[in-house]
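K.L.:
when you get a sec, could you give me coordinates for this:
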Amino acid sequence: MELGRVRGQVVSTVRDPGVPPVTLLLVDLITADGEVVRSGQVAADTLGAGEGEMVLLVRGSSARFTMNERPPLDLSVIAIIDQISAQGETVYNK
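P.N.:
Reported below is the predicted structural model:
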């Protein structure tokens, strides 16, 4: 699993038939402190995450298990994060 921050949406009206009609988000992979590790990733979202929110992502075959069928997805949002704490300190609070 990886942490990400939603930067925006990716709109695609023409898709391969195997790609489900879910929202596609533009996300940056980040550290728990919010530093960008890798920018510009596209993730499928079934939860309704919004711009600026921190999310939990899964990659590879795990990304496909978030849906009933096994679509050609490589990155999916599996949670919208409310809080992160480490070593007794709150690192992130929504």
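
K.L.:
for stretch 77-85, buried residues please.
P.N.:
Neighbour counts over stretch 77-85 (16 or more other C-beta atoms under 10 Å) mark Val77, Ile78, Ile80, Ile81, Ile84 as buried. The way it works is simple: take the backbone N, C-alpha and C, and place the C-beta from them, glycine included.

K.L.:
got a markdown table for those residues, with secondary structure, pLDDT and distance to Arg38 too?
P.N.:
As requested, these are arranged in a markdown table below (DSSP: H, G, I helix; E, B strand; the rest coil; pLDDT from 0 to 100; distance: C-beta to C-beta, whole Å):
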| residue | secondary structure | pLDDT | distance to Arg38 |
| --- | --- | --- | --- |
| Val77 | strand | 96 | 16 |
| Ile78 | strand | 95 | 18 |
| Ile80 | strand | 98 | 20 |
| Ile81 | coil | 96 | 18 |
| Ile84 | strand | 92 | 19 |
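
K.L.:
need the residues you listed in CSV (columns: distance to Thr13).
P.N.:
Compiled in CSV, these are given as follows (distance: C-beta to C-beta, whole Å):
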residue, distance to Thr13
Val77, 21
Ile78, 25
Ile80, 26
Ile81, 30
Ile84, 36
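
K.L.:
hey, which helix or strand in this protein has the poorest pLDDT?
P.N.:
Counting by mean pLDDT, DSSP states H and E, the weakest-scoring helix or strand in the chain turns out to be helix 61-64, with a mean of 64.

K.L.:
got the buried residues for stretch 54-63?
P.N.:
Residues of stretch 54-63 classed as buried under the neighbour-count rule (16+ other C-beta under 10 Å) are Met54, Val55, Leu56, Leu57, Val58, Ala63.

K.L.:
tell me the one among these nearest to Leu47.
P.N.:
Checking those against Leu47 with C-beta to C-beta, the nearest one is Val55 at 8.0 Å.

K.L.:
strands paired with the helix or strand where the closest one lies, and their directions?
P.N.:
In this structure, Val55 is located in strand 54-59 according to DSSP states H and E. When pairs are called by DSSP bridges, strand 54-59 turns out to pair with strand 2-10 (antiparallel), strand 75-80 (antiparallel).
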